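1. Provided below are the primary sequence and the corresponding predicted coordinates.
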Amino acid sequence: MAMDDDTDHDLLDFMRRALGLDGQSNGQKAPPDIGVLQSAEYICDNAIDVALDMRSCKAAAEMIVNSMEKEHYGTQTWDGHVLHPHTKDEEQVEFIFLMDLLNFSFWADDEKAPYKVEYDGNLEDGYWSLVAAIRRALDEGIPITSPYFWVDETVCPDKLLEHVFRSSTDTPMPMLKERIKCLREAGEILCENFNGSFVNCIREAEGSAAALVNLVVDEFPCFKDESRFEGRKIHFYKRAQILVADIWASFNGESFGEFSDINKITMFADYRIPQILHTLGCLLYSPPLEHAVRQRRILPPSSTWEMEIRGCTIHCVELIRREIIKRHPNAKVNAILIDFFLYDTAKEWEVQGKEMIPTHRTRSIWY
Ligand SMILES: Nc1nc2c(c(CN[C@H]3C=C[C@H](O)[C@@H]3O)cn2[C@@H]2O[C@H](COP(=O)(O)O)[C@@H](O)[C@H]2O)c(=O)[nH]1
């Protein structure tokens, strides 16, 4: 039976990974691959409503590398965010696992009334509302970073989790039910298969970032951020990749954060980076798509428009990264740091009220 090209591709993809022969012809166990860049390029080559503008990408590359140099932007910047954990021990790993387990979908149905968490006298929104809620729970003596706590509904009933993620405004946390389901499911898996700690997952990956991403998406269904585009299987793996990136950056590439292949990690296909890349002119939307995004229309998960935005964003940051390395061969820059820089810049521009296209609106647990 003649298989069509895409089924062939999937089967080969599966066999290569199963046999650990990712692309190696001589049968040696090649270092693992995660397939996100290939997925992104495939989408970009076939996208109708999203395109990249190379001139703007080159200009953005210069702006980014010059700004990062001026700000000494690097892994230590991660530590500079006061709400992030800084203990540099297993507790920090547990905190980051919880953070990236739930690091999705903060955008508010009503932009004028977002979910916020008050912490240390500040009203935090978006990603920072999650980090603030975790800190607040720990300050209240709730062991919210412990997987043993997540799986025990007698000591950790839904009611308590609703209290942990309670809002300081009238708007509740988006997708709270889905977040509780992620906690219960990931808690079961960590307690049953990894002795209750993500540190054991890191150990099993033996210093390979790609192996750790693959382990996370293979073992934890709520991280398996995959889809199909034009009949081909697509890997995005946004939260699995940002989890590994946060571990790497927060430990400055040492201790639990030491990975030999960290540069295999791509940018994280969320809803914030497309916004800033469009504002920089790097991402171009067709008139119908731009109209839909500006009208705050919902783009369903795995819809063509949503996939084209995510795939082109990943490929766009990869082209920017290549441009930076071409012009500044000694720049200490990878896709992670470019991504972190773009996210932080987008948040600064949002606070400054800079004119930007709205973020696209997809409600999902993937980002
Ligand atoms: N691509 C990318 N996406 C990121 C982050 C971060 C925060 N990372 C911190 C760690 C190091 C950096 O320096 C940041 O300080 C959150 N997100 C995602 O954005 C989305 C919007 O969130 P918001 O606008 O808040 O609502 C949400 O899907 C969230 O999952 C990032 O860095 N890159």
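-> That came in fine, so what should we check first? Numbering: from 1, shown residues only.

2. Am I right that residue 358 is in a helix?
-> No - secondary structure of residue 358 (DSSP: H, G, I helix; E, B strand; the rest coil): coil, not part of a helix.

3. what's the neighbour count on it?
-> Using other CB atoms under 10 Å, residue 358 is surrounded by 14 other residues. C-beta here means a position set from N, CA and C on the backbone, and glycine is covered the same way.

4. Please apply the same query to residue 291.
-> When neighbours are counted by other CB under 10 Å, residue 291 registers 11.

5. so what's residue 207 up against?
-> 258-260 (CB atoms under 8 Å, 6 or more residues apart in numbering).

6. counting contacts, what elements does the helix or strand where residue 192 lies pack onto?
-> Per DSSP states H and E: residue 192 is located in helix 176-193. Under the contact definition 3 or more CB pairs under 8 Å, 6 or more residues apart in numbering; DSSP states H and E, helix 176-193 sits against helix 90-101, helix 147-151, helix 158-164.

7. Pull the distance from it to the chain's centre.
-> Centroid separation for helix 176-193 versus its chain: 18 Å, with CA atoms, centre = their mean, to the nearest Å.

8. Tell me which helix or strand comes right after that helix.
-> Downstream of helix 176-193, the first helix or strand assigned by DSSP H and E is helix 199-204.

9. what's the angle between the helix or strand just after that next one and helix 90-101?
-> Tracing the chain past helix 199-204, the next element assigned as helix or strand by DSSP H and E is helix 209-219. In terms of direction (axes from the mean of the first three to the mean of the last three CA atoms, to 10 degrees), helix 209-219 departs from helix 90-101 by 60 degrees.

10. which ones are touching the residue in the stretch 51-200 of the chain that the ligand sits nearest to?
-> Taking CB to the nearest ligand atom as the measure, the point where the stretch 51-200 of the chain comes nearest the ligand is residue 126, at 2.3 Å. By CB under 8 Å, 6+ apart, the contact list for residue 126 reads 106-107, 114, 347.

11. Look at it and report its pLDDT.
-> Looking at residue 126, its pLDDT is 97.

12. Report the separation between it and residue 111.
-> Distance check for residue 126 against residue 111: by CB to CB, to the nearest Å, it reads 12 Å.

13. same thing with residue 248?
-> Computed as CB to CB, the residue 248 to residue 111 distance reads 33 Å.

14. So if I had to pick from the two, which one is more boxed in?
-> residue 248 (23 against 10).

15. Pretty sure that one sits against residue 262.
-> Yes - with contact defined as CB atoms under 8 Å, residue 248 and residue 262 form a contacting pair (5.3 Å).

16. which residues are in contact with both of these two?
-> Going by CB under 8 Å, 6+ apart, residues that sit against residue 248 and also against residue 262 are 209, 336.

17. if we can go back for a sec, now the contacts of residue 126 in TSV, with distance to residue 268, secondary structure and neighbour count?
-> Shown next, in TSV, are these (distance: CB to CB, whole Å; DSSP: H, G, I helix; E, B strand; the rest coil; neighbours: other CB atoms under 10 Å):
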residue	distance to residue 268	secondary structure	neighbour count
106	14	coil	21
107	15	coil	20
114	21	coil	18
347	14	helix	16
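
18. Reformat the residues you listed into JSON lines and put distance to the ligand and pLDDT next to each item.
-> Compiled in JSON lines, the contacts of residue 126 are given as follows (distance: CB to the nearest ligand atom, whole Å; pLDDT from 0 to 100):
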{"residue": "106", "distance to the ligand": "4", "pLDDT": "98"}
{"residue": "107", "distance to the ligand": "6", "pLDDT": "98"}
{"residue": "114", "distance to the ligand": "8", "pLDDT": "97"}
{"residue": "347", "distance to the ligand": "6", "pLDDT": "97"}
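
19. for those, which one is nearest residue 302?
-> residue 107 (17.8 Å; CB to CB).

20. I'd guessed the closest one sits against residue 270; true?
-> No - contact between residue 107 and residue 270 fails when scored by CB under 8 Å: they sit 10.1 Å apart.

21. At the contact with the ligand, which residues of the stretch 201-350 of the chain appear?
-> 267-268, 270-273, 339-340, 343-344 (CB under 6 Å from any ligand atom).

22. give me that answer again for 8 Å
-> 238-239, 242, 245-246, 249, 267-273, 339-344, 346-347, 350 (CB under 8 Å from any ligand atom).

23. Make a PyMOL selection of the buried ones in those.
-> Remark: buried members of these, expressed as a PyMOL selection using 16 or more other CB atoms under 10 Å:
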select buried, resi 238+239+242+245+246+249+267+268+269+270+271+272+273+339+340+341+342+343+344+346+347+350
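
24. quick one on the thing from earlier: just send the helices and strands packed on helix 176-193 back as a markdown table, with distance to residue 60, mean pLDDT and mean neighbour count too.
-> A markdown table is the format used below for the helices and strands packed on helix 176-193 (distance: least, CB to CB, whole Å; pLDDT from 0 to 100; neighbours: other CB atoms under 10 Å):
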| stretch | distance to residue 60 | mean pLDDT | mean neighbour count |
| --- | --- | --- | --- |
| helix 90-101 | 26 | 98 | 22 |
| helix 147-151 | 40 | 98 | 20 |
| helix 158-164 | 39 | 98 | 15 |
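
25. Please tabulate the ones you listed in TSV, including the columns distance to the ligand.
-> Listed next are the helices and strands packed on helix 176-193 as TSV, based on distance: least, CB to the nearest ligand atom, whole Å:
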stretch	distance to the ligand
helix 90-101	8
helix 147-151	20
helix 158-164	18
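
26. Can you add distance to residue 289 and give these back as TSV?
-> Listed next are these as TSV, based on distance: least, CB to CB, whole Å:
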stretch	distance to residue 289
helix 90-101	29
helix 147-151	39
helix 158-164	37
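
27. Fine, thanks again, bye for now.
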